[in-house]
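Peer 1: give me coordinates for this.
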Amino acid sequence: MKKVGVNMKIGIRLSSEALNGIAELKDFYNGNNLVDELKITNGATIGLALLEIKQKASLKEYDWESVIYGNMFLGKNNKAEKSSIRTSLTLDEDVISDINQLKIVFPQFTKTKYVTTSYVIRIIVRAALSQNNLIKKI
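Peer 2: Here you go, the predicted structure:
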């Protein structure tokens, strides 16, 4: 019998880059949804992005360096900004586990001791946008 995932609601501050990226991914996923009545939430969008990433490579083996340091932006008006917006996300426990795993993996690329959950989400969104050719390079 398969264990049913538990969803958790978290309050978080996300950068405008992450929020714009989530909106763009959500439109992309909704556009490719076979059941039009089902709309994908922001939390589910992050879960789908992680699934896509894990289909390409394991979280430890994925090319995070090119995502973190690549000159990739969502467009001239949607560059990463210093402002952040408080929001809440409902995430599956598997997604939270993957985020926590990436919080251990990313400091080797960022040369820091710690990265925040919101930073990890931003990089996950960038990677999924890149995989789906939704990032316009400047």
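Peer 1: number of residues surrounding E65?
Peer 2: Neighbourhood size, E65 [other C-beta atoms under 10 Å]: 11. Every C-beta, even on glycine, is put in place using the N, C-alpha and C of the backbone.
Peer 1: check what pLDDT the closest residue to K60 other than its chain neighbours gets.
Peer 2: Closest residue in space to K60, ignoring its immediate chain neighbours: V105 at 5.9 Å, by C-beta to C-beta, 6 or more residues apart in numbering. Note on V105: pLDDT of 94.
Peer 1: is I10 in a bridge, and if so with what?
Peer 2: For I10, the beta-bridge partners under DSSP bridges are L89.
Peer 1: and the gap between it and D94?
Peer 2: 14 Å (C-beta to C-beta, to the nearest Å).
Peer 1: count of residues packed around the residue nearest to K60?
Peer 2: Counted with other C-beta under 10 Å, V105 comes out at 15.
Peer 1: again, but for K113
Peer 2: Count around K113 with other C-beta under 10 Å applied: 6.
Peer 1: wait, a strand at it?
Peer 2: No: counting by DSSP: H, G, I helix; E, B strand; the rest coil, K113 is not part of a strand but coil.
Peer 1: understood, closing this out.
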